[in-house]
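Participant: The sequence and its predicted three-dimensional model are supplied below.
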Amino acid sequence: VGQITANSFMKREFGKKLIEVFFRNRAELSHVIDTSGAYIPGHGTPTVILVGRNRIPSPERTVRAVLGVRGEPSQPLVAAEGPVWRAIVEQVGRPGSESDWVSVENAVAASFVTHPWSVSGGGAGPLLDRLAVGTMPLEETISKPIGRAIRAGADEAYMRPLRKTYKPRADKRALRPLLLGDVVRDWHAEPDVAIWRPDANAVNEGRLGEELWPWRATLAARRTFQGDMADAGLEWWDYMQYTASAYSTPLSIAFAFVSTHNHFVLDRGGKVFNRSAPVIKLPEGADEDAHLELLGVLNSSTACFWLKQVSHDKGSQSGTGGFMHDEWERFYEFTGTKLQGFPLPATLPLKLGRSLDLSASELAASEPDAVAGRETPLRANLDQARRGSEAARGRMIALQEELDWTVYGLYGLLTPAEVDRVTLPASYEVPEVALGERAFEIALARRVAEGETTTVWFDRHAATPIVDIPGHWPDEYKTVVQARLDIIASRTKDLGLIERPECKRRWAAEAWEKKERAALRTWLLDRCESSELWYELRDGMKQPRSMTVNYLADRLSSDADFVSVAALYASDHLGMPDLPLAQVLTEVIADEHVPFLAALRYKDSGLRIRAQWEQAWADQREEDKDGVRRDIEPPNKYKTSDFLRFSYWANRGKLDVPKERFISYPDASPDGDPTLMLGWAGWDHKDQAQVLSQLIDARTKRDGWGTERIVPLLAGLREVMPWVKQWHGKPDAEWDDEVPAEVLEADYEALLRRHGVGEAQLEAWRPVKKPRGRKAAAPKKEPVEQVELGEE
């Protein structure tokens, strides 16, 4: 019987029983054919062909193994004519044959009754065996287990923006940077999102319980092995799983769980670890050097080779079954179970590990967002930072090469004399090396030039392929690189398998221009969120203030730094150096606001889901009132298609967690101002209610609006009032010991009477759908004075 199947069982834990019980005792394999490199139209999952008989296996038999060497170089017009498929067909009957695509051997049956399998050809198996000689498994030097990530169960309910201007209801000291695997790259990790770390003190004293209250039904219903959270003896606000030992000491090594290459980083504390960034802990008392020397070997090309031999190949991560041109494009799942078997050499590369960790910090300090965090980002300091960034990156690339070639010697793949020839003496400073200039890249470029292979490596990494050693390097370094090239050419069965793109660090990074634009935009937005802008003293009280974009621009026009950064952003990233400040603000704020009213946020499908959430909140309020636990059905989650604009979805997500910077009030600006009316998302509910009352009053008295135009603002007031009553129902010293909820409720009822509308009418209000097609020419309005960016 033959079967083509996903190869995930070969290395993932669920396949252990299949291999070590079924294939050992019940089925006799005759052929194992690696087809992971073959092109299957519309199918991105790596596969293997198994052929066997339904009989007790004979211990003396051999298994015909077709081992993969290289995948399809390009997408064939006819899948069956692809070189990998053709090689399999032509070579499967010829044990001992080897081509650029597969190698064939009669393997001992014992190699296929032990989990995991490795079906890589071209010498990968023997090389894997050599790496185990004279080494110690990682698990004997660390504090097990590897992993220790939190499991929240409803992550989005806990996750919040990681920005200094974010103002939640709870004490921000309970927010921690959340480390995700996709930000663990090249010796550094910079979290871009935060997560609440719930404990009894934060919930009771820091108002975290109030912060998470809107998602209580969803959080309480999370399923555990014992039932829901209460059945498991957990509070509704708890994580489903929290491993305290991950945080018992500040130092940890975190790594990317799924990636094309190995990425490990030293974390010095203060973060929460997600499953996508598992943690390695060393025994208590281990110092930073102990972590750095381990980090060095884990980040080496040798470690990458070993991990890919024992880890699950996830293939394409596009979700479309798209063709992958090169082997290095494949994603792997690096699990703690596999990693703890990693063979450690007797000596670890401390000095190089320390140098690369330090260089990574220097590189991070030169990033545009780091510059913007330290000082006003202007062209001069950004250009200086760019030069520093390019230099630091060039040094890191060179240091990584020193590390990779040093580690080959630590595993006995090179003699001490050979190591001396392929590495610089410790007294020498490495030169800067650009992408495309590493020895393996020069060797690859030569093969491409000779027509021996094709690759997208250089294009994908914006690297220039070169076939000669760069002439600007010192002679000593040229000699070292030539020695590396000689070994790559002569050692195709071992070091040649590692010195290729599949195992070499990519150093992939966003373009500087893209990072600079994001940093400038963030700096401008942070300034726009200054709380002083959004409050004013009125009648002796600090009160919230809404503003149109034009008015906000007018307020900021006296800030010379702001005007300078806005001018730089407009000139260098919008290509419009004379753009008025208000129009710059319109551009940067465009995706950072969410409307105040549900009917302006959601489509009809989203409003139906919103109704479920409102019912859950009503039931929770009844629970809080009488103390009787109810069986509250968790509301459905939102989808992208439930929102009127993608930016609203991006700011809210499937649990509708507000992460936006601004509240928008569409069609609420004065008649003479065409720009959007904004509020600050850092306002609490009583502030939001006050602003709506102020807008209703201003539009009625100053602009003479009738009830029809006021109704959506009243509908917004109706939506916010339950929260005002819930959180602001006690005397407030800032309100002369009055109860804000009572004052605002009285104002709301008075407005309903004045405009002659009822709550049913407010609930039913929907915006008028605008007809599709070409927009009619807008009537000319009186021009609003705008500040030109060049003005002082």
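Facilitator: Looks like it arrived, so ask away.
Participant: and the strand or helix carrying Glu763, what other elements does it pack with?
Facilitator: Secondary structure from DSSP states H and E places Glu763 in helix 759-764. When contacts are defined as 3 or more C-beta pairs under 8 Å, 6 or more residues apart in numbering; DSSP states H and E, helix 759-764 packs onto helix 707-727. (C-beta placed from N, C-alpha, C; glycine too.)
Participant: What residues of the helix holding Glu763 count as buried?
Facilitator: Gln761, Leu762 (16 or more other C-beta atoms under 10 Å).
Participant: where are the low-confidence patches of this protein?
Facilitator: Residue ranges of the chain with pLDDT under 70: 316-324, 771-792.
Participant: longest single helix anywhere in it?
Facilitator: helix 379-410 (DSSP state H).
Participant: Check the offset of that helix from the chain's centre.
Facilitator: 23 Å (C-alpha atoms, centre = their mean, to the nearest Å).
Participant: thinking again about what came up before, ok, residues contacting the helix holding Glu763?
Facilitator: Val711, Leu714, Ala715, Arg718, Leu752 (C-beta atoms under 8 Å, 6 or more residues apart in numbering).
Participant: Who are the packing partners of the helix or strand following the longest helix of the chain?
Facilitator: Downstream of helix 379-410, the first helix or strand assigned by DSSP H and E is helix 416-422. Judged by 3+ C-beta pairs under 8 Å, 6+ apart, helix 416-422 is in contact with helix 379-410, helix 475-490.
Participant: who's in contact with Asp687?
Facilitator: Pro544.
Participant: Tell me the buried residues in stretch 187-200?
Facilitator: Applying 16+ other C-beta under 10 Å to stretch 187-200 flags Trp187, His188, Ala189, Pro191, Val193, Ala194, Ile195, Trp196, Arg197, Pro198, Asp199 as buried.
Participant: how about it as CSV, C-alpha atoms only?
Facilitator: Backbone C-alpha positions of stretch 187-200 (Å, rounded to 0.1, in the frame of the first residue of the first chain) are rendered in CSV as follows:
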residue,chain,number,x,y,z
TRP,A,187,19.8,38.8,18.7
HIS,A,188,17.2,41.4,19.8
ALA,A,189,13.5,41.6,20.7
GLU,A,190,11.5,44.8,20.9
PRO,A,191,7.9,44.1,22.0
ASP,A,192,5.2,46.2,20.3
VAL,A,193,2.2,45.3,22.4
ALA,A,194,1.5,45.1,26.1
ILE,A,195,-0.6,42.7,28.2
TRP,A,196,-2.3,43.0,31.6
ARG,A,197,-0.6,40.8,34.3
PRO,A,198,-3.6,40.1,36.5
ASP,A,199,-3.2,39.4,40.2
ALA,A,200,-5.4,40.1,43.2
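Participant: if I look at Ala256, how far off is Ala462?
Facilitator: Separation of Ala256 from Ala462 (C-beta to C-beta, to the nearest Å): 22 Å.
Participant: Look at the two and report which has more neighbours.
Facilitator: Ala256 (24 against 11; other C-beta atoms under 10 Å).
Participant: so the more buried one makes contact with Asn274?
Facilitator: No: using C-beta atoms under 8 Å, Ala256 makes no contact with Asn274, being 10.9 Å away.
Participant: Please identify every residue contacting each of those two.
Facilitator: By the contact definition C-beta under 8 Å, 6+ apart, Ala256 and Asn274 are jointly contacted by Gly181.
Participant: mind listing what the residue most central in space within the chain touches?
Facilitator: For the chain, the residue nearest the mean C-alpha position is Asp182 (4.2 Å; C-alpha atoms, centre = their mean). Applying C-beta under 8 Å, 6+ apart, we find Asp182 in contact with Ala256, Ser276.
Participant: did I read that right, it in a helix?
Facilitator: Yes: counting by DSSP: H, G, I helix; E, B strand; the rest coil, Asp182 falls inside a helix.
Participant: Against Leu363, how distant is it?
Facilitator: Asp182 is 18 Å from Leu363, by C-beta to C-beta.
Participant: how long is stretch 133-152 from one end to the other?
Facilitator: End-to-end span of stretch 133-152 (C-alpha to C-alpha, to the nearest Å): 41 Å.
Participant: Output stretch 671-688 as CSV, nothing but the C-alphas.
Facilitator: C-alpha atoms of stretch 671-688 as CSV (Å, rounded to 0.1, in the frame of the first residue of the first chain):
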residue,chain,number,x,y,z
ASP,A,671,-20.7,74.2,9.6
GLY,A,672,-17.7,76.3,8.7
ASP,A,673,-15.1,73.7,9.4
PRO,A,674,-14.9,70.7,7.0
THR,A,675,-12.4,68.8,9.1
LEU,A,676,-13.2,65.9,11.5
MET,A,677,-14.3,66.5,15.1
LEU,A,678,-12.0,64.5,17.4
GLY,A,679,-11.9,63.6,21.1
TRP,A,680,-9.2,61.8,23.1
ALA,A,681,-9.5,58.0,23.6
GLY,A,682,-7.9,58.5,27.1
TRP,A,683,-11.1,60.1,28.4
ASP,A,684,-13.2,58.1,30.9
HIS,A,685,-16.9,57.6,30.4
LYS,A,686,-18.0,60.7,32.3
ASP,A,687,-15.6,62.8,30.1
GLN,A,688,-17.1,61.2,27.0
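Participant: mind starting the numbering at 33 from now?
Facilitator: Noted, 33 is the first residue going forward, which turns the last one into stretch 703-720.
Participant: Counting neighbours, show which residues of it come out buried.
Facilitator: For stretch 703-720, by 16+ other C-beta under 10 Å, it's 705-720.
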